[in-house]
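Visitor: Okay, here's the prediction I keep looking at, along with the sequence it came from:
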Amino acid sequence: MGSTGPQTPRPSELEKPVENSRKGTEGEEEQDEAPKASLKTLLRVLAFGSQFDRIIQTACFVAALATGAAMPLMALILGRLTANITGFGKDGSTASPSQFMSQISTNALWFVYLFIAKFILVYIWGLGFTFTANRTVQALRLTCLRRVLLRSVVYHDEKTPGSLSRTITSQCDAIQASLADRTGVLIQALSMLVSAFAVAFSQSWQLTLVMLAVVALTMAFMGFVVGNDQKLEGKLLKHYEECSLIAEDALGSIMTVVAFGAVNKFLAKYDVVLAQAQKLGKKKGPLVGMMFASQYFFMLIAWAIGFWFGVYLYTHGHISDPGRILAVFFSTLIGMGGTMVLGPNMPLFVKAVTAAGAVFELLDNLEDQDEEASEGASGQAQSARGNSKGHLQLQDVTFTYPSRPDRSALSNINLRFIPGTSTVIMGPSGAGKSTLISLLERWLVPTSGTILIDDQDISSVSVKWLRSQIALVQQEPQLFNASIFENIAHGLSGTDFANVSPQDKAKLVEDACREARVTEFIERFPQGLGTNVGDQGSLLSGGQKQRIAIARAMIGQRPVLLMDEATSALDNENSKVIESLMTRSSNRTTISISHKIRSAMRADHIVVLDEGRVAEQGTHDHLIRANGLYKRLYEAQTSMEPEQDEIDRGEEILTQKEPAAVESSAVPEQLIEHDDMSESGKRPFFSNIWEVAKENRRYWSIFLVGLCACVFTAQPFPAQGILLGRVLDVFQGPTDRISSRTNFYASMFLVVGFGALISYAVMGFFMTLLGVYILKFYRLEYFRAVLLQRMDFFDRTSSGLLLSRLSSDPSNLQELIGVNLGLLMSMFIQIISAAIIGLAFSWKFALVGIFGAQPVVFAAGYVRFKLDSALVEATTTIFEDSARFASDALSAVRTVKAFTLEMTVQESYQKHLASTIGTLHRKTATIMLFFALSESIELLALALAFWYGGRLLSRGELSTASFFTVFIAVIFGGQAAGAIFGYTSNVSKAKLAASNILAMRQRVQPQSKPESLDNATEPKDTGVAVDFQHVSFAYPARQNVPVLKDISLRILQGQTVAIVGSSGSGKSTLLALIERFYDVQSGSLEVFGRPVSSHDLDAYRKRLAYVSQEPRLYRGSIRENVELGVDENSITEADVAQVCDAANLTDLIASLSEGYSSECGSVALSGGQKQRVAIARALIRNPDILLLDEPTSALDAESEKMVQDTLQSIGGDSRTMIVVTHRLNTIRHADTIFVMSAGQVVESGTHVELMAQRGSYFSMFQSSRSD
């Protein structure tokens, strides 16, 4: 399955509201309210794993605990080695060099054993946690999708498909990243902390208690900071959700946004929300600074107090061996190292907790509200009873939308639909027709009254069984991004034919295609039924999509057929044939909503609704005699048709001409899957980073302050090495001098601690600030770049993919550019400082201890980085595909529910995820080898350093103080080198994100720049508005399929021109070329007397207005929607009222309590009402050329006539109108009518002239008038 139509249609004008999340002060308060989340929320995710997953998680938990517990054992070894060294160097030592080396070698060998153990344990938990995280989150995603699909249509009308999809995808991505990459690290760190102090207690409980008090203070402070950070993160999440809704609005109807020059309006809205998010993000700076500063400050405070108190205990006989003091120190160092591991991982952990809160907020709100949970008492039994007879009855049915409690959408409706008969429901727009369809589908529940199927209340039967008995064709057909065959075959779901053999299924699809007149255009597809319809069916015309939707409804032979303006996009001939076929079945109950009088005349029964009541019902003849509303609708529609004598007069004017041969329709071939974004990940990493740096020069001052702070943040570690070397040297001197020297070195630890406090606070604040600024910049610029892409880009790239990347790529870039960049720079400087200090104190020892092991660390880390980058690029595409699938399914939720496709969607989604998991598991097994090596190699470095350092000591080539100074440099340098490659996942994602963002921005072409250099030259006044000369065109996404073939037509200024023809003949493509959504590939197109490519594009489009076939309204007021394409400051209330009156909107707006300020979301409009708002939106631009693509297809006869009169009245000498339509009775007054077929103009002339020719137009018109 794939994407569907641009917007899920509302049942009628009074649908339950889609609340604007940012309406007024109250909305802002809600916006700032973070999802309630805690560690417990994140742990709830684990419940979605299987028993097998929990067994593996338990084993990995034990392995991570063992890894953490093994590290403090190093402190015991270090304590013994320290005792060996201080004892050997102490005055009066009797140990020989050979004995000393034997002791050193024995103890150093323990590091090798620890290396082997840690390597194995890290590989086990690294691979295991990744494996189970992927599987567990996969189950969570599936559960979310299943539960969301089970929610009622009312729920989905209140939400947007994008917001639900992002919860299922982006939030679950954050959870998966944390569980896979950080769970083992955090468990190891906590285990290290606890076991380190357990070892320390075994050496000296008094000294350990003193140092533990400082650690407890550190943890308490960290808890305070993290708690506040999580609250801010939750509020930020709400703001970014609002950004996604704005982007979803724009990308869902990109042609409308571009045609009305509304790109800057959407960018302005986006920028406002980003500014609010930036304000919140800046508040994170002090918190991040405090988090890192407190860790290192309290650690050094612990060392100062511990050293002073340890010496006190030693000099007073409570500790007999200085090695014990060192064991406690090293244990504390390791334990505090565990707390410092928590710091860099906290931001990702906080995001995961916040994401889990959002996911479970969604799931918890779904509790006991699923449609399955509301099954009737006999629902399960009913689902197995067989097919319905198709007898439907409404008894005293009243329905009121919660958003309009003062007005009933339907009031006291009593209707009976007899099996084997066809009923047409008519009435003005907003009369409640689509609401009736929604009640029959059980999308809505009557406020009062009863709906029966076969004399049984539908509320007491299984909703799945009910919908399996009903086929639905909607006015705006929703197709999935799959083949034509798959889209039609979806109609078999829930029917007796659901499990037929592939051969029988193929035959059923072929039969449905013939009945729905699909065969006539798919036979010319290179791939036939295997042709992909594209994202949202974008590779098909409106009529072709509608015919596929009709075939999907007919294939299952369901007892009841519901049609909501099912043939509005079809030409008259196809419409007549298909309607006749759908209504002639003796076993099917057919209920159709239509504005076409000709459709009603073919029905067995007609129901006329007005203001939610049954105004009249009966046969056509009966209602004509009744002289009521139906007759007025009939007269309004037929008054626009010419009489036969008008046709006869035309014959006298023109002699009959032989009609041109009609060629096969130009149709899309099989969609060639091509992602314009797929090549972006291949851009060089460092060139991307340099590009980012150049684009953000204005933030260099912030970066330089952060960089200076990073230099100082790296210094406490080598300073500790120097001080510790001096401290250990104290124990080799006389006892009476120990106390005096102790006070000095303890005070030095305090000085270093305050230095760390200041430098880390500054680094954390400024680097967080840098990340926040860059995040806002690239979120806005990324969105701008997407909106400015050429239209063929959107033909190849789904809106679901774009929405996903707009959200994830800037965030992934921030993960590197922000505080993580500061930490990485600090680590690099730390390595360099350690090397310098090591070389300064003992170049021999430094060369072996530092440079002997670190190249191996860097090699392992580099290989891991390359593998991780390849994995990120490979799986990102697959995850995006599954995200796109989920978004498409939720966008088409009405179709999913109507055809009981919930299980089909879930199974397909599971297949998408399963392919991702398989790829992840295969590549992760290799990556984890290098991860384990980079995590444990420092132990080999320590073994080598102790052995070689001891060798130099035994030879007298190295002093004890120099040994410990260099050795501490080895420890911290090794830890920094290993820690750097703990960020490979962040760097890999940032690398891909930077490539995506920069590539998108570089693809923006300067469309607003005219290609011609003589822009100042005014065109000659030729009187020609639009002139196509020998134009041929094929859409860039399918170059091998010509849509227009050598078209030549001329439209004079002030003319009203109609373009008619069968579906897929190229009519709408002409409008797209005039709007310059695309450029002609051969021939020439001149508008306003000059080549269209020579115009300044922005100024050019301001002279046009465009009404699309499927109008899209945006969140905001009716006024804001009408003013979309103009500067609202230049428009008065009178201007808005004038165009709304011209579009027949005055009565509707008068009925709304807030008038023009009424939110389009809170007062959901019918299809006809949306169309009228779209027409008003076009008229207010006062365009020179007005382009209308099926402008009255969704209007009732009276509204159609009013709008038609308006369009005629606003034409004149200056305004040119070009109308694409299938309703031939609306265009008989056009100055010129062009008849298209197979991408060519086959006839042209006035209505009278074309009727006299008795060619293609004559046949189409006669078909529209016939019964």
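Guide: Noted; the coordinates are in hand.
Visitor: what's the model's confidence in the helix or strand Tyr270 falls within, averaged?
Guide: Assigned by DSSP states H and E, Tyr270 belongs to helix 263-315. Across helix 263-315, pLDDT averages out at 87.
Visitor: what's the next secondary structure element after it?
Guide: Sequence order places helix 322-365 as the next helix or strand after helix 263-315, per DSSP H and E.
Visitor: Measure how that following helix sits relative to helix 263-315, angle-wise.
Guide: Angle, helix 322-365 to helix 263-315, by axes from the mean of the first three to the mean of the last three CA atoms, to 10 degrees: 150 degrees.
Visitor: which intervals of the stretch 901-1050 of the chain have sub-threshold pLDDT?
Guide: Residue ranges of the stretch 901-1050 of the chain with pLDDT under 70: 974-975, 977-978, 981-982, 1005-1022.
Visitor: What segments of it are helices?
Guide: With helices called from DSSP state H, counting those that start in this stretch, the stretch 901-1050 of the chain shows them at 902-954, 960-980, 984-1002.
Visitor: can I get the CA coordinates of the shortest one in CSV?
Guide: If I follow you right, that is helix 984-1002. The C-alpha trace of helix 984-1002 is given here as CSV (Å, rounded to 0.1, in the frame of the first residue of the first chain):
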residue,chain,number,x,y,z
THR,A,984,30.0,7.0,16.0
SER,A,985,26.3,6.6,15.8
ASN,A,986,25.7,10.3,16.3
VAL,A,987,28.4,11.2,13.8
SER,A,988,27.0,8.7,11.2
LYS,A,989,23.5,10.1,11.5
ALA,A,990,24.8,13.7,11.4
LYS,A,991,26.8,12.9,8.3
LEU,A,992,23.8,11.6,6.5
ALA,A,993,21.6,14.5,7.8
ALA,A,994,24.1,17.2,6.7
SER,A,995,24.3,15.5,3.2
ASN,A,996,20.5,15.5,2.9
ILE,A,997,20.1,19.1,4.0
LEU,A,998,22.8,20.6,1.9
ALA,A,999,21.9,18.5,-1.2
MET,A,1000,18.3,19.6,-0.9
ARG,A,1001,19.4,23.3,-0.7
GLN,A,1002,21.8,22.9,-3.6
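Visitor: orientation of that helix relative to helix 960-980 in degrees?
Guide: Using the same axes, to 10 degrees: helix 984-1002 against helix 960-980 is 50 degrees.
Visitor: From what I see, Met601 and His620 are in contact.
Guide: Yes - using CB atoms under 8 Å, Met601 is in contact with His620, at 4.8 Å. (Glycine included, C-beta is placed from N, CA and C.)
Visitor: Between the two, tell me which one has more neighbours.
Guide: Counted by other CB atoms under 10 Å, Met601 and His620 do not tie: His620 has more neighbours, with 19 against 16.
Visitor: sorry, back to before: from the contact counts, what lies against the helix holding Tyr270?
Guide: Under the contact criterion of 3 or more CB pairs under 8 Å, 6 or more residues apart in numbering; DSSP states H and E, helix 263-315 touches helix 205-251, helix 322-365, helix 716-730, helix 735-787.
Visitor: Out of those, flag the one nearest Leu953.
Guide: helix 716-730 (12.5 Å; CB to CB).
Visitor: name the helices or strands packed onto that closest one?
Guide: Partner elements for helix 716-730 (3+ CB pairs under 8 Å, 6+ apart): helix 51-89, helix 263-315, helix 322-365, helix 735-787, helix 819-841, helix 960-980.
Visitor: pLDDT averaged over that helix - what is it?
Guide: Mean per-residue pLDDT for helix 716-730: 75.
Visitor: what's the answer for stretch 212-230, then?
Guide: Taken as a whole, stretch 212-230 has a mean pLDDT of 82.
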